[in-house]
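J.: Would you be able to build a 3D model of this:
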Amino acid sequence: MTDNNGTVASNSSNQEKNFDLLDSVYSAAADGEINKFQQHAGVLDQILTPNDNTILHIHITARQPPRSRISQNMNFMREILGKCPELLWKANKKGKTLLHMATRHGHADVSKYLLEECKKPYQNDQELAIKATRQMLQMINEAKDTALHEAVCYNHIDVVQLLTEEDGDLPYDSNIAGETPLYLADMVCRNSEEDFRQLHFTS
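T.: From the prediction side, this is the model:
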């Protein structure tokens, strides 16, 4: 074998190892195996997929659908955020935060938990708690969708209700396609059995 071939073989081997590691981490995050991440407690915010999804992005996406009869808990998220609070605000390459992912997939329990977590540092200051909540609710992805856009677009009326009750006076701008949550709600009402009309939107 030439040196070049040897180098190629070595690089190929390293790539395979990296893919194996990524697959292992992905599976552990999806399944909520906290023990797999104990030794990485100091670098949890650096464990990313090629699209910059964190282990919590993966975990939320992999959760069972809201209507599933399978019992689910928040233990993995609590453990991970306890070790690395920075993940609460971290977005992937498309600008999607954990709240974007939770609302898109209809996880009202996760959405509520994330909003509670953003208030936690300000338990003794209601004004700052409200400010932090608004900041999270107003975060946009690359399409300029907020978490409310996601919840409405995917017909998750319980999540929409949660978000609008959290801050009913919060104005929501249009996304990059010119769609406000109110516009999307009207479109959903016309094309599905969901009825968002009784909910309060501010545009």
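
J.: only C-alpha atoms for contact and neighbour calcs from this point on.
T.: OK.

J.: residue ranges of the helices in the chain, please?
T.: Applying DSSP state H to the chain gives helices spanning 3-31, 55-62, 75-83, 98-104, 108-119, 126-138, 147-153, 157-166, 181-191.

J.: okay, now the domains of the protein?
T.: Domain assignment for the chain by automatic domain parsing gives 1-64+72-93, 95-203.

J.: ranking those domains by burial, who's on top?
T.: domain 95-203 (a mean of 18; mean count of other Cα atoms under 10 Å).

J.: distance between it and the chain's centre?
T.: Offset of domain 95-203 from its chain centre (Cα atoms, centre = their mean, to the nearest Å): 12 Å.

J.: Average pLDDT for that domain, rounded please.
T.: Averaged over domain 95-203, pLDDT sits at 86.

J.: ditto for stretch 31-50
T.: 92.

J.: Okay, now stretch 87-99: how far is its last residue from its first?
T.: The first and last residues of stretch 87-99 sit 11 Å apart, counting by Cα to Cα, to the nearest Å.

J.: do you know how far Ala102 is from Leu182?
T.: From Ala102 across to Leu182, the span is 20 Å (Cα to Cα).

J.: quick one: terminal-to-terminal distance for stretch 167-182?
T.: End-to-end distance of stretch 167-182 (Cα to Cα): 15 Å.
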